[in-house]
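> Would you be able to build a 3D model of this:
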Amino acid sequence: MVLPDACSKDPASLVAGSRVPPADLASIDFLSPSIGVGVTLSSVMCTWHKSAVDGVQLGSEPYPTRLAMARTGGETWTVEGGPLPRSLLTNFVTRLAFSSATTGWVGADGHLASTRDGGRL
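Residues are numbered from 1 along each chain as shown. The predicted structure follows:
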């Protein structure tokens, strides 16, 4: 008997307006007590059930790296804009800093990207 996988968060549906669980954020920066900016992980941990006999295997699944905003003190995170630049698609977002809801910088593996439109570009 093969059991269903606990993976597949349906990364194709991670578009602007999608909700993101706080656990799926790699880095966050708060602009105020209520407004936060975050970057999603590029992979998420999940389990695969090999079979009832072989048990469960832990692994990871690719996840699109996106900018997310919270306007509720971090309770609810929502995707803003499109995909981050290819050079930032990594598990190791090392820097995230925003001076406003529209202007910020994200650094990963020696690469830096900036936005002045809240992550749309």
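> low pLDDT regions in the chain?
Scanning the chain for pLDDT under 70 picks out 1-13, 44-62, 86-94.
> Tell me the spacing between residue 33 and residue 73.
Residue 33 sits 6 Å away from residue 73, going by C-beta to C-beta, to the nearest Å. Using the backbone N, CA and C atoms, a C-beta is placed for each residue, glycine as well.
> Neighbour count: those two, which is higher?
Set side by side, residue 33 and residue 73 show more neighbours around residue 73, with 12 against 8, by other C-beta atoms under 10 Å.
> nearest residue to that one other than its sequence neighbours?
residue 34 (5.0 Å; C-beta to C-beta, 6 or more residues apart in numbering).
> which residues does the one you found contact?
70-73 (C-beta atoms under 8 Å, 6 or more residues apart in numbering).
> Using the three-state scheme, assign it.
Counting by DSSP: H, G, I helix; E, B strand; the rest coil, the backbone at residue 34 sits in coil.
> What residues sit buried inside the host helix or strand of residue 113?
Secondary structure from DSSP states H and E places residue 113 in strand 111-115. Neighbour-count burial for strand 111-115, counted by 16 or more other C-beta atoms under 10 Å, picks out 113, 115.
> list the helices and strands it packs on?
Where contact means 3 or more C-beta pairs under 8 Å, 6 or more residues apart in numbering; DSSP states H and E, strand 111-115 is packed against strand 104-108.
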